[in-house]
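Student: here is my input, please return the structure:
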Amino acid sequence: MDRINLGRTFVFRLPVFFCDTMILILTSLILFVLIAGGGIYDITAGLRIRVHTISNPLLGLYLLILLRLLAAKRVPFLGRNAWDISRLSDRAALFWNRTATWFQDLEPTKARRIVFTIIGLSVFIKVLNAWSYFGFFSGDDVEIHELTFSQLFHWDWQAWNLRSPFYPMVFIYPVQFILHSASVHDPWILIFAGRIVVIFFSALSLWLVYRIASRIFSSVPVGVLSLVFLAMSKLHTSFASTELPRTVASFFILLSCWLLISEKNTYGNAALSAVLLGIGAALRFSEVIFMVPAVLFLALSKRRRQALVFGVIFTVSLLIILGLSDALYWKSPWSSLKNVVDYTLVKKLSSRGYESPLYYLLSVGIWSDFLTIGLACFALKLRNRLMCLWAFSPLLMLSFLPHKEPRYLVPTIPFIAIMAGLSAWHFLDKNRKTGFVMYLPRKLTRPFLALSLFFFGTVLLSSKDFRFAYASIPLLLLLMVLYSRIQPRLHSGGANEVPNVSPVRLGLWLILAALAMGALEIDGFRLRRTESGVEMARFLAHRPDLRSVAIEEAWKAGGRLYLSKYPTIMNIDETLLLHPDQLMQDVKARDIQAIGLRDEHVRGLKYDDLLRSHGYKEVFFAKKKRLHQYRLFLKG
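Tutor: Next up is the predicted model:
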């Protein structure tokens, strides 16, 4: 009988052990991708594996954990009694208790050391990001360097005149000029130096978030937690490693806010704050929307005259900055502003698309995570609601603009982090002794947990495809309704007075949820750009025998930034790419010696055979396989 029972136990535990092993394997894979970044791996002939994000492994891990809990909850993980679910729950409750106590006892001196350590780690990650992913995110970052390089190298050509030269010439050009004066002429180093400038301002923004949160809420824990949320933000970290201006604009917006919340409610502070916000808006026109929360903040704080002064000085500062910079660079005041209005509103030549007003709400998993945004929204119930103006009013206004992109939200992320930090400390402090125990009526316990698990699954899916948010957001609303109905039972002592109530220990699950959301944020730190295009351009730059080149979407190779010695640079757009005969006629007419096309189009449109038939041979310019690989063909 003992042997039979032993055999049954072995048969039962073998699948459980296999499931536990798969959980460890997927966890290791997730850690590998987070640390190494993943890549493209040729396992055998014909078998290629692409692992660039953790979305799929994380979803698989979640399903395995869910299956494990449903099928064998009482069996310890990997058969180790120390890893029993009940014991892990006890340890999770102890962890939350110790974490809250540690934050409560945190002294300002020690907090500053922790803050500088976090800022240092964040800067290191951003520098590594800028070094490893040296391509371009869009044509915007190429245009920034076109403006500076044309002055640096005295190029006799004009960059696109819709862009204000204020940001490139004031913030990017000086460091490039210093390096150029020291005989550094490599475009790669000059571009990297420009990105270091943005990283420097992102570090200052991290410090300001800590100071603002600590001051306005009179709490060191809120300040440190706000800093952690911002440092963990994928949107903040990824775009801080580019040369795009919104990260720098974010610093001036934060500095403006810092002055407004100062204990010295003077007209001088309001005026200086307006000038700083004017600088931020001059860096990127869309940041003008932050005048609304600033003016509302002053007006609702019973500083209406200062609000009027703020609005006037902000407008005057913005116009002076734009007019003076355009006059010095384009030789015509406000020319870039007039060109933008003429191009987008009068001639309606902008190719930007249109997204629903709900785009930012539905794409939360793409530009942030549900935990951070949920905590930030909960802060509406807590202290100093005026700070919510800085986080949510710009988000609301941006939602009604026709074109929307996650990067437009970069300046709002610090304020969202402050709100999330406030809520996080509220929950930590409130649940210090209980370890996050929720009391539910027994009839609602299983439905509530089932909905929670299903909701978390849709959250993971929406991080890779925002259409799943159509399911996760209604589920979240339903959970909030259920929570509000049982709120009286969560009061101190109330659960003991109501019959048929059971405790639900959430400490362990909150740790797992926080780890999952944190992993998704870290996974978004890397901003993969057009590295293959830049590698191709650098290869061509060292070929003095070539004088003409045609590149599919030439901005992805940096355009003239790397190929300034080429008299002829032909851009191959999507329309021309779909007409191979016309393309080859243009190539022949312009005597193109090198052609660079993306790999998927070469294979999909059979360009390799066509180019060979016209006397072009493929050359290989890089060993590492990229996500969006270019292929290069040379004449002869």
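
Student: show me what contacts Ala386?
Tutor: Just so we're on the same page, residue 386 is Leu rather than Ala. Leu386 makes contact with Phe297, Leu300, Ser301, according to C-beta atoms under 8 Å, 6 or more residues apart in numbering. Bear in mind the C-beta positions are built from the backbone N, C-alpha and C, glycine included.

Student: now the last one, nearest residue through space, not along the chain?
Tutor: On the basis of C-beta to C-beta, 6 or more residues apart in numbering, the spatially nearest residue to Ser301 that is not a chain neighbour turns out to be Leu386, at 6.6 Å.

Student: could you report the distance from that neighbour to Cys257?
Tutor: Here Leu386 is placed at a distance of 11 Å from Cys257 (C-beta to C-beta, to the nearest Å).

Student: again, but for Ile178
Tutor: 31 Å.

Student: more neighbours: which of those two?
Tutor: Using other C-beta atoms under 10 Å, the more surrounded residue of Ile178 and Cys257 is Cys257, with 27 against 11.

Student: can you give me the helices for the stretch 301-450 of the chain?
Tutor: Counting by DSSP state H, counting those that start in this stretch, one finds helices in the stretch 301-450 of the chain at the ranges 304-329, 335-341, 359-362, 364-367, 370-378, 388-399, 413-430, 442-462.

Student: next: the stretch 501-636 of the chain.
Tutor: Using DSSP H, counting those that start in this stretch, helices in the stretch 501-636 of the chain cover 507-523, 531-541, 574-577, 580-589, 599-604, 607-613.

Student: which secondary structure elements does the longest one contact?
Tutor: For helix 507-523, the elements it packs on are helix 2-36, helix 55-72, helix 85-104, helix 234-239, helix 370-378, helix 442-462, judged by 3 or more C-beta pairs under 8 Å, 6 or more residues apart in numbering; DSSP states H and E.

Student: out of the helices of the stretch 301-450 of the chain, flag the one nearest Ala130.
Tutor: helix 413-430 (18.6 Å; C-beta to C-beta).

Student: for the closest one, C-alpha coordinates in CSV please.
Tutor: The C-alpha coordinates for helix 413-430 follow below in CSV (Å, rounded to 0.1, in the frame of the first residue of the first chain):
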residue,chain,number,x,y,z
ILE,A,413,5.8,61.3,-16.6
PRO,A,414,7.7,63.1,-13.6
PHE,A,415,4.4,64.4,-12.3
ILE,A,416,2.7,61.0,-12.7
ALA,A,417,5.7,59.5,-10.8
ILE,A,418,5.1,62.0,-7.9
MET,A,419,1.4,61.0,-7.7
ALA,A,420,2.3,57.3,-7.8
GLY,A,421,4.9,57.9,-5.1
LEU,A,422,2.3,59.5,-2.8
SER,A,423,-0.2,56.7,-3.2
ALA,A,424,2.5,54.0,-2.8
TRP,A,425,3.6,55.5,0.6
HIS,A,426,-0.1,55.8,1.6
PHE,A,427,-0.7,52.1,1.0
LEU,A,428,2.6,51.0,2.6
ASP,A,429,2.0,53.1,5.7
LYS,A,430,-1.7,52.1,6.0
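
Student: and the helices of the stretch 301-450 of the chain as CSV, adding distance to Thr242 and mean neighbour count?
Tutor: Below are those laid out as CSV (distance: least, C-beta to C-beta, whole Å; neighbours: other C-beta atoms under 10 Å):
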stretch, distance to Thr242, mean neighbour count
helix 304-329, 21, 18
helix 335-341, 21, 17
helix 359-362, 20, 19
helix 364-367, 15, 22
helix 370-378, 22, 21
helix 388-399, 19, 19
helix 413-430, 15, 24
helix 442-462, 25, 17
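
Student: domain map for the protein?
Tutor: For the chain, automatic domain parsing gives the domain ranges 2-78, 104-341+354-425, 437-505, 531-635.

Student: same list (those domains) but as TSV, adding mean pLDDT and distance to Ile522.
Tutor: Below are the domains of the chain laid out as TSV (pLDDT from 0 to 100; distance: least, C-beta to C-beta, whole Å):
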stretch	mean pLDDT	distance to Ile522
domain 2-78	76	5
domain 104-341+354-425	91	7
domain 437-505	72	12
domain 531-635	91	18
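
Student: return the most buried member of these.
Tutor: For the domains of the chain, the largest average neighbour count (mean count of other C-beta atoms under 10 Å) is found in domain 104-341+354-425, namely a mean of 19.

Student: quick check: end-to-end length of that one?
Tutor: 9 Å (C-alpha to C-alpha, to the nearest Å).

Student: how far away from the center of its chain is that domain?
Tutor: 13 Å (C-alpha atoms, centre = their mean, to the nearest Å).

Student: ok, back up a step: identify, from the contacts of Leu386, the entry nearest to Leu578.
Tutor: Closest to Leu578, out of all of those and judged by C-beta to C-beta, is Phe297, at 51.7 Å.

Student: enumerate every residue touching the residue nearest to the spatial centre of the chain.
Tutor: The residue lying closest to the centre of the chain (C-alpha atoms, centre = their mean) is Leu235, at 1.6 Å. Contacts of Leu235 were listed using C-beta under 8 Å, 6+ apart, and they are Trp367, Ser368, Pro406, Arg407, Leu409, Val410, Ile413, Gly524.

Student: now do the phi/psi pair for the second one.
Tutor: Think Ser368. Dihedral angles of Ser368 (phi, psi; degrees, to the nearest 10) stand at phi -160, psi -150.

Student: that one against Ser233, yeah?
Tutor: Yes - applying C-beta atoms under 8 Å as the test, Ser368 and Ser233 come out as touching, 6.8 Å apart.

Student: now for these two: what residues contact both?
Tutor: Residues touching both Ser368 and Ser233 (C-beta under 8 Å, 6+ apart): Ile413, Glu521.

Student: what does stretch 141-157 rub up against?
Tutor: Under C-beta under 8 Å, 6+ apart, the answer for stretch 141-157 is 136, 158-160, 163, 165, 167-169, 172-173, 176-177, 180, 187, 190-191, 194, 242-245, 329, 555, 558-561, 564.

Student: one step back: out of the contacts of Leu235, which comes closest to Asp20?
Tutor: Gly524 (28.7 Å).

Student: is it true that that closest one touches His236?
Tutor: No - using C-beta under 8 Å, Gly524 is not in contact with His236, being 10.1 Å away.

Student: now Ile551: closest residue in space, sequence neighbours ignored.
Tutor: Using C-beta to C-beta, 6+ apart and skipping residues adjacent in sequence, the residue nearest Ile551 is Gly596, 4.3 Å away.

Student: got it, and Ile212?
Tutor: Trp258 (5.6 Å).

Student: show me what secondary structure element comes after the host helix or strand of the one you found.
Tutor: In this assignment (DSSP states H and E), Trp258 forms part of helix 246-260. Reading on from helix 246-260 to the C-terminus, the next helix or strand found by DSSP H and E is helix 267-283.

Student: which elements pack onto that next one?
Tutor: By 3+ C-beta pairs under 8 Å, 6+ apart, helix 267-283 packs against helix 166-167, helix 246-260, helix 291-300, helix 304-329.

Student: the residue nearest to Ile551 bridge partners, please.
Tutor: Ile551, Leu632 (DSSP bridges).

Student: roughly how far does it sit from Glu618?
Tutor: For Gly596, the distance to Glu618 - C-beta to C-beta - is 11 Å.

Student: between those two, which contacts overlap?
Tutor: With C-beta under 8 Å, 6+ apart as the test, Gly596 and Glu618 both reach Arg631, Leu632, Phe633.

Student: so what's the second one up against?
Tutor: Just to be clear, that refers to Leu632. Leu632 touches Met536, Phe539, Leu540, Ala594, Ile595, Gly596, Glu618, Val619, Phe620, Phe621, counting by C-beta under 8 Å, 6+ apart.

Student: list the contacts for the residue lying closest to Ala541 once chain neighbours are set aside?
Tutor: Among residues not flanking Ala541 along the chain, Tyr562 sits closest, at 5.1 Å (C-beta to C-beta, 6+ apart). Contacts for Tyr562 (C-beta under 8 Å, 6+ apart) come out as Pro187, Trp188, Val534, Ala537, Arg538, Leu540, Ala541.

Student: please tabulate those residues in CSV, including the columns distance to Ile569.
Tutor: Formatted as CSV, these follow (distance: C-beta to C-beta, whole Å):
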residue, distance to Ile569
Pro187, 14
Trp188, 18
Val534, 15
Ala537, 10
Arg538, 15
Leu540, 10
Ala541, 12
